[in-house]
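>>> build me a model:
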Amino acid sequence: MVEYTFEEIKKYLPQYLCDESINDLFKEINCFQNSGYNNNLYTNQLYDKTLIFQGDVLNEMQFIFFPAPKVFKTLGMVLSNTCDINIENSHFSDIQICYAPIFKLQNYIDGLHDKFTDQQIEDHIKCIKNQRYTTIMYLPSHLNGPTEDAIVLLDKICNCDSSSIERTKLTNRRFFTLNNFGLYLYLLKISIHFTRIRESIDRDKGIILN
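The predicted structure is shown next:
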């Protein structure tokens, strides 16, 4: 296994952070790399801000999963970039906020028992908790986060008009938000899930390489 120094990894970390924050972020990444688990993904420092941040979890977000016509509301994690959905920034057209649904992990587990064995479920949940999937982000319970273990399903995205969420009432809508490490992990998952460059397909020649 290749060992990376802080200076090497630092090239890929957010450059806008202060030295203290970037060192803390490096420590969290190093801890996660060694143990595969970290339950401190959240911050309470942005709670009273009037911006919607990427990684915010907002309540009462509307979802519809076709072909079922029923619309329901649940927690949603914002995927859209913070700058893009800032209503103070000018745009030629209305901006939509993209978000993914959050469900309690136990409810997800309960729905697996009719299809899989206990051992299969146990192995699957272990992979979820170790953040092995790019379609699922595990949100462990935490004082600054969800009260119960939860998951974000990144393949079930919906959207709404940015102006439909009143910024002056965000303290009533913002359930929690991600800290520096949580956002870094979130962006890695989004990047791999939606922009996987190495798909092993030569599109010009019509060749599937694996």
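>>> for the protein, what spans make up the helices?
Taking DSSP state H as the criterion, the chain carries its helices at 6-10, 19-35, 105-110, 118-129, 170-173, 180-194.
>>> what is the rounded mean pLDDT of the longest one?
On average, the pLDDT along helix 19-35 is 57.
>>> can you check the fifth one too?
This predicted structure assigns helix 170-173 an average pLDDT of 91.
>>> residue contacts, Leu51?
Thr82, Asn86, Arg167 (CB atoms under 8 Å, 6 or more residues apart in numbering). C-beta: built from backbone N, CA, C; applies to glycine.
>>> kindly recompute the last result at 7 Å.
The contact partners of Leu51, by CB atoms under 7 Å, 6 or more residues apart in numbering, come to Thr82, Asn86.
>>> now do Lys205
Listed by CB under 7 Å, 6+ apart, Lys205 has no contact partners.
>>> same question, Gln106
Gln106 sits next to Glu148 when contact means CB under 7 Å, 6+ apart.
>>> again, but for Pro146
Contacts for Pro146 (CB under 7 Å, 6+ apart) come out as Leu139, Phe176.
>>> again, only this time at 8 Å
By CB under 8 Å, 6+ apart, the contact set of Pro146 is Val57, Ile102, Leu139, Pro140, Phe175, Phe176.
>>> where's it relative to Thr74, distance?
Plainly put, Pro146 is 12 Å away from Thr74 if you go by CB to CB, to the nearest Å.
>>> any regions of this protein where pLDDT drops low?
1-38, 196-199, 210 (pLDDT under 70).
>>> where along it do the strands fall?
Ranges of strands within the chain are 42-43, 57-64, 71-78, 96-104, 136-139, 150-153, 158-161, 174-178, 201-202, 207-208, based on DSSP state E.
>>> who does the residue nearest to Gly55 when sequence neighbours are not counted form a beta bridge with?
Distances taken as CB to CB, 6 or more residues apart in numbering place Leu178 nearest to Gly55, at 3.5 Å, with adjacent residues excluded. Legend: beta-bridge partners of Leu178 under DSSP bridges are Tyr42.
>>> looking at it, Leu178 is touching Asn44, isn't it?
No: counting by CB atoms under 8 Å, Leu178 does not reach Asn44; the two are 11.4 Å apart.
>>> okay, these two: which has more neighbours?
Leu178 (26 against 12; other CB atoms under 10 Å).
>>> for that one, give me its contacts.
Applying CB under 8 Å, 6+ apart, we find Leu178 in contact with Leu41, Tyr42, Thr43, Phe53, Gly55, Asp56, Tyr186.
>>> can you name the residues that contact the third one?
Neighbouring residues of Thr43 by CB under 8 Å, 6+ apart: Asn144, Thr177, Leu178, Asn179, Asn180, Gly182.
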